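K.L.:
this one's structure only:
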Ligand SMILES: Nc1nc2c(ncn2[C@@H]2O[C@H](COP(=O)(O)OP(=O)(O)OP(=O)(O)O)[C@@H](O)[C@H]2O)c(=O)[nH]1
């Protein structure tokens, strides 16, 4: 570098499940955003800040772009497209281990006319052969004029992700440090704690339950003179039958969710945690605007 500090905002977009959160976590070397193999895991735009002596990148992790089915879906798409305005670089992520289809083309169309610099990152190359990658690259030539750079990566294994960072930095303007160097996210701890709990629900329950849940951390208190934090959180679900599943036989499911979440939260907060979980039914919360607001979706 020539000594001039570069900084800017970078949006990572792509259809659900392509690996956006995994990529940010790999860049950061820490688990910040929740990851699951079920699509539509990320609901809010989360800012993650990567500071290096020569640059600072503020990543915006956006909900996957997809065709909205209900109000929460609409919110997620609006949030994704909104985040493209006013950023310095857009990284479009696709999963090249699956067929490049209308979902990806929908994303290409969404960015086509943006003046912003655009990088296409072909993710999950660890899942395909060299030959298959060549096939993907050949197919992509149809769209390559949309992008300033094309970079194949494996977000999960960290393959070629340094190169992607270099490409991003190349397009960043000279600028100030927006956040102090030790700040890695502007999301309150409460939100991350709630996301960790939701991640365990996604991991441990099946079918319609995961997307019908929201988690609210209602209290986080440090015990006086003790290195222990008491946390209370409420899991909202849509039906009585879901509530029964989330609680499980004699509370076994809730216990499993709680103990796994607790390990992650203790790592995050670096101290002992006492976690109390409650389950409540809030019918149709996904279509209810005031319920969405109460749960932090603005
Ligand atoms: N094999 C492989 N799997 C990956 C890679 N990147 C992500 N995954 C997996 O793909 C799944 C989805 O990853 P996420 O990072 O949650 O995807 P996302 O795009 O943030 O998903 P949404 O939040 O739903 O939009 C997870 O099971 C990841 O482990 C990769 O490079 N290789």
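P.N.:
Sure thing, it's come through. Remember, it's a predicted structure, so these values are computed and weren't measured experimentally.

K.L.:
Without its sequence neighbours, what residue ends up closest to residue 222?
P.N.:
Nearest in space to residue 222, with sequence neighbours left out and distances taken as Cβ to Cβ, 6 or more residues apart in numbering, is residue 229 at 5.2 Å. C-betas here are computed from N, CA, C, even on glycine.

K.L.:
so that neighbour sits in a strand?
P.N.:
Yes: when the secondary structure is assigned by DSSP: H, G, I helix; E, B strand; the rest coil, residue 229 falls within a strand.

K.L.:
Check what pLDDT it gets.
P.N.:
Residue 229 carries a pLDDT score of 89 in this model.

K.L.:
Residue 41 too?
P.N.:
Predicted confidence (pLDDT) at residue 41: the value is 45.

K.L.:
so where do the strands sit in the stretch 1-150 of the chain?
P.N.:
Ranges of strands within the stretch 1-150 of the chain are 6-13, 46-51, 55-61, 89-95, 117-123, 149-152, based on DSSP state E, counting those that start in this stretch.

K.L.:
Figure out which of these is closest to residue 235.
P.N.:
strand 46-51 (20.3 Å; Cβ to Cβ).

K.L.:
for the closest one, packing partners?
P.N.:
For strand 46-51, the helices and strands in contact under the criterion 3 or more Cβ pairs under 8 Å, 6 or more residues apart in numbering; DSSP states H and E are helix 20-28, strand 55-61.

K.L.:
Quick one: work out the angle between it and strand 55-61.
P.N.:
160 degrees (axes from the mean of the first three to the mean of the last three Cα atoms, to 10 degrees).

K.L.:
Between helix 20-28 and strand 46-51, find me the angle.
P.N.:
Note on geometry: by the same axes, to 10 degrees, strand 46-51 and helix 20-28 are set 20 degrees apart in direction.

K.L.:
Report the mean confidence score over strand 46-51.
P.N.:
Along strand 46-51, the predicted confidence averages to a pLDDT of 80.

K.L.:
Could you do stretch 9-27 as well?
P.N.:
Throughout stretch 9-27, pLDDT has a mean value of 87.

K.L.:
Please apply the same query to stretch 165-185.
P.N.:
Across stretch 165-185, pLDDT averages out at 87.

K.L.:
For that stretch, could you pull out the residues that count as buried?
P.N.:
Applying a neighbour-count criterion of 16 or more other Cβ atoms under 10 Å, one finds 165, 167-169, 171-172, 178-179, 184-185 buried in stretch 165-185.

K.L.:
export those residues to TSV and tack on distance to the ligand and secondary structure?
P.N.:
Listed next are the buried residues of stretch 165-185 as TSV, based on distance: Cβ to the nearest ligand atom, whole Å; DSSP: H, G, I helix; E, B strand; the rest coil:
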residue	distance to the ligand	secondary structure
165	15	helix
167	17	helix
168	17	helix
169	21	helix
171	22	helix
172	23	coil
178	23	coil
179	22	coil
184	17	coil
185	15	strand
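
K.L.:
May I have the secondary structure class of the residue in the stretch 101-250 of the chain that the ligand sits nearest to?
P.N.:
In the stretch 101-250 of the chain, the residue found nearest to the ligand is residue 156; the distance is 3.4 Å by Cβ to the nearest ligand atom. Using three-state DSSP as the criterion, the local structure at residue 156 reads coil.
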